[in-house]
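[1] sequence plus predicted model, see below.
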Amino acid sequence: MNQNNLNKSKIADRIRTLRKENNYTQEFLAENLSISVSAYRKKEYAVSSFSTEDVLALHRLYEVSCDYILLGKETDTDALWQEISCTSDAKKLSYLLKLTEYFGGAENISTVFGGLDPADTDI
């Protein structure tokens with residue numbers, strides 16, 4: 001992702017809005033991110049930046065995509081699934097092999113997907 005596309009102030013605004021919509025305090029978020037309240041306030045008001053780890057933690061807490069936090073837009077998963085369902089099995093296998101290679105081999109996939117064992121799926 002090109003850093004020039006990221007607007008620190010807009011990211012901070014989205015994160016502040018999410019905090020308020022969920023009735024969380026800055027103290028709660030600071031504790032959740034393992035930082036001081038002062039450090040959290042600086043990030044929320046765009047004096048400093050949220051780290052990658054912060055964005056991932058906030059994505060999990062708020063159950064929104066990282067795309068939304070960083071860019072202000074959700075990933076269109078319905079369109080993605082539609083595209084995948086219309087793809088040939090050979091192309092799906094090609095994508096799967098590329099993903100497996102990207103994540104460092106089949107032995108790492110369960111770690112990447114939070115302990116999901118491919119043997120336990122219908123795939």
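    Yes, it's here. Only a predicted model underlies this, so the values are computations on that prediction, with no experimental measurement involved. Numbering: from 1, shown residues only.

[2] is residue 73 in contact with residue 66, as I believe?
    No. Proximity of residue 73 to residue 66 does not meet the contact threshold set by Cβ atoms under 8 Å, at 11.0 Å. No exception for glycine: its C-beta is placed from N, CA and C like everyone else's.

[3] what sits against the closest residue to residue 22 other than its chain neighbours?
    Distance criterion Cβ to Cβ, 6 or more residues apart in numbering; nearest residue to residue 22, sequence neighbours excluded, is residue 62 at 6.6 Å. When contacts are counted by Cβ atoms under 8 Å, 6 or more residues apart in numbering, residue 62 touches 18, 22, 69.

[4] columns distance to residue 47, pLDDT and secondary structure on top of the residues you listed, output as JSON lines?
    As requested, the contacts of residue 62 are exported to JSON lines (distance: Cβ to Cβ, whole Å; pLDDT from 0 to 100; DSSP: H, G, I helix; E, B strand; the rest coil):
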{"residue": "18", "distance to residue 47": "18", "pLDDT": "96", "secondary structure": "helix"}
{"residue": "22", "distance to residue 47": "22", "pLDDT": "96", "secondary structure": "coil"}
{"residue": "69", "distance to residue 47": "18", "pLDDT": "92", "secondary structure": "helix"}
